[in-house]
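J.: Kindly return the folded structure for what I paste below:
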Amino acid sequence: MITCSDLHGRISYINPDLLIGIEITPDTQLVFVNGHRLFVSETPEEIVERIVEFRIRTGLGARPPAWISENELTDNGKD
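T.: Below is the predicted model:
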């Protein structure tokens, strides 16, 4: 989980695996897979930095994305 502050200063803990994007309108909006949006006071760069730190802390930063198959990792593009 990472922390974010809404525009009223209230802290929220969010699961970064449920984010599909970050928009600037001009406030920063977090867009979730279920379509919900959360306005936060942090910049997109701060959010991305927190997500990277979360991935490193949990060991997920070293793993390939789930959509990459084991064959793609070992074949190196060879047919």
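J.: Please count neighbours and contacts with C-alpha atoms only from this point.
T.: Noted.
J.: Take the helix or strand hosting Leu30, keep the C-alpha atoms, and write them as PDB.
T.: Per DSSP states H and E, Leu30 falls inside strand 28-32. Once non-C-alpha atoms are left out, strand 28-32 reads as follows in PDB (Å, rounded to 0.1, in the frame of the first residue of the first chain):
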ATOM      1  CA  THR A  28      -3.600  15.000  -9.800                       C
ATOM      2  CA  GLN A  29      -6.200  12.300 -10.300                       C
ATOM      3  CA  LEU A  30      -5.600   8.600  -9.600                       C
ATOM      4  CA  VAL A  31      -7.700   6.400 -11.900                       C
ATOM      5  CA  PHE A  32      -8.500   2.900 -10.700                       C
END
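J.: Determine the set of other helices and strands touching it.
T.: strand 19-24, strand 37-40 (3 or more C-alpha pairs under 8 Å, 6 or more residues apart in numbering; DSSP states H and E).
J.: Now do the contacts for the spatially most central residue of the chain.
T.: By C-alpha atoms, centre = their mean, the chain has its centre lying nearest to Pro16, at 4.1 Å. By C-alpha atoms under 8 Å, 6 or more residues apart in numbering, the contact set of Pro16 is Met1, Ile2, Ile51.
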